[in-house]
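Undergrad: Test case, fold it:
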Amino acid sequence: MYQAFYGFRQKPFTLLPDPSFLFLNKKHRLALSMLQYGLLSEAGFTVITGEIGSGKTTLVRYVLEEIGDNLTVGSVTNTYRSFDELLQWVLLAFNLEYRGKSKVELFQALIEFMGQEYEQGRRTVLIIDEAQNLEPEALEELRMLSNINTDNNQVLQLVLVGQPSLRETLQHPDLHQFAQRIGVEHHLERLDLEETWQYIRHRLTVAGGDPDLFDTKGCAAIYYYTQGTPRLINVLCDTALVCGFAEQITRISAELIGEVIRDKAMGGIFPLVKEKTDKVQTGTVHDIEAAKRRSNR
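TA: A predicted model of the protein is given here:
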């Protein structure tokens with residue numbers, strides 16, 4: 001809709017977890033390194049957490065594109081509280097037959113599959129997204145599933161990705177043995193002000209547009225109302241581009257962002273981090289200007 005007007009090759013602020021748009025600031029680079037290290041070091045359990053919309057799934061998709069032939073990866077994004085339902089999704093993730101099988105048969109089929117992969121020189125990696133939805137009982141059964149590993153044979157690795165509540169669940173007294181098997185863990189923080197400005201410029205550049213399309217105050221406004229949550233930034237920026245195109249505006253300003261925020265606040269659906277919609281803190285603008293000066297040195 002607005003792509004030709006602003007000179008984009010593709011939409012810069014899509015909500016899809018597209019690895020080609022991965023923004024590797026210091027925080028995301030560290031999270032990526034921890035995830036890669038967990039796989040390379042053959043950690044039994046790797047746990048990555050972060051707030052809703054912080055970019056966890058995009059990070060995982062990026063890593064999946066780098067997977068070598070020595071790993072067989074299954075990814076589960078539909079998580080359920082019971083292990084029985086989860087086990088069916090796990091088999092489906094590895095293209096194994098799961099219909100009409102009892103829990104024991106499902107378990108046995110998975111064990112046999114992982115054994116066959118190991119005999120052919122491949123480790124099996126199971127990635128479970130939205131893992132905060134799992135009950136402690138289901139997590140404990142995952143730990144039991146990992147018992148297929150021995151001191152000399154790392155057959156299965158598990159990567160759990162979820163919201164901060166996953167960390168709280170893993171602190172449950174009944175999951176002490178599980179927690180002791182976590183080799184790598186990392187919590188992905190929101191973007192700060194300067195990172196938000198860089199993130200917006202990064203996505204505009206990747207999409208083939210002008211990195212300065214959003215002015216300084218516009219970027220400050222976006223940070224103020226999203227507090228650096230990438231998904232919210234994408235929603236706000238995308239809507240601003242639609243409005244900018246409708247009004248034939250060639251540069252996105254704080255005034256336009258304010259109009260978008262007021263419209264979304266009236267709808268009552270957009271999860272505003274800041275309730276005030278009438279001003280942007282002047283300090284945020286000064287901070288971005290300082291970041292610009294540093295980047296131009």
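
Undergrad: all strands of the stretch 51-200 of the chain, in order?
TA: 71-76, 123-128, 156-162, 182-188 (DSSP state E, counting those that start in this stretch).

Undergrad: Indicate which one of these is closest to T216.
TA: Nearest to T216, of all these, is strand 182-188, at 26.3 Å by C-beta to C-beta. Any C-beta I mention is one placed from the backbone N, CA and C, and that applies to glycine too.

Undergrad: then that closest one to PDB, C-alphas only?
TA: The C-alpha trace of strand 182-188 is given here as PDB (Å, rounded to 0.1, in the frame of the first residue of the first chain):
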ATOM      1  CA  ILE A 182      19.800 -26.200  32.500                       C
ATOM      2  CA  GLY A 183      23.200 -25.600  30.900                       C
ATOM      3  CA  VAL A 184      22.400 -22.200  29.300                       C
ATOM      4  CA  GLU A 185      19.900 -19.600  30.200                       C
ATOM      5  CA  HIS A 186      19.300 -16.000  29.100                       C
ATOM      6  CA  HIS A 187      16.700 -13.300  29.500                       C
ATOM      7  CA  LEU A 188      16.100 -10.900  26.600                       C
END
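
Undergrad: Run the angle between it and strand 156-162 for me.
TA: 20 degrees (axes from the mean of the first three to the mean of the last three C-alpha atoms, to 10 degrees).

Undergrad: so who does Q154 touch?
TA: E42, G44, R123 (C-beta atoms under 8 Å, 6 or more residues apart in numbering).

Undergrad: Setting the sequence-adjacent residues aside, check what's closest to L241.
TA: Y2 (4.9 Å; C-beta to C-beta, 6 or more residues apart in numbering).

Undergrad: Isn't that neighbour up against Q248?
TA: No. Taking contacts as C-beta atoms under 8 Å, Y2 lies outside contact range of Q248: 10.4 Å.

Undergrad: hang on, the earlier thing: could you dump the strands of the stretch 51-200 of the chain into a markdown table with mean neighbour count and distance to L32 added?
TA: Shown next, in a markdown table, are those (neighbours: other C-beta atoms under 10 Å; distance: least, C-beta to C-beta, whole Å):
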| stretch | mean neighbour count | distance to L32 |
| --- | --- | --- |
| strand 71-76 | 18 | 16 |
| strand 123-128 | 22 | 14 |
| strand 156-162 | 23 | 13 |
| strand 182-188 | 18 | 9 |
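
Undergrad: Among those strands, which comes closest to L139?
TA: Nearest of these (C-beta to C-beta): strand 156-162, 8.2 Å.

Undergrad: and the closest one, what's its mean pLDDT?
TA: Averaging pLDDT along strand 156-162 gives 93.

Undergrad: Right, I'll leave it there.
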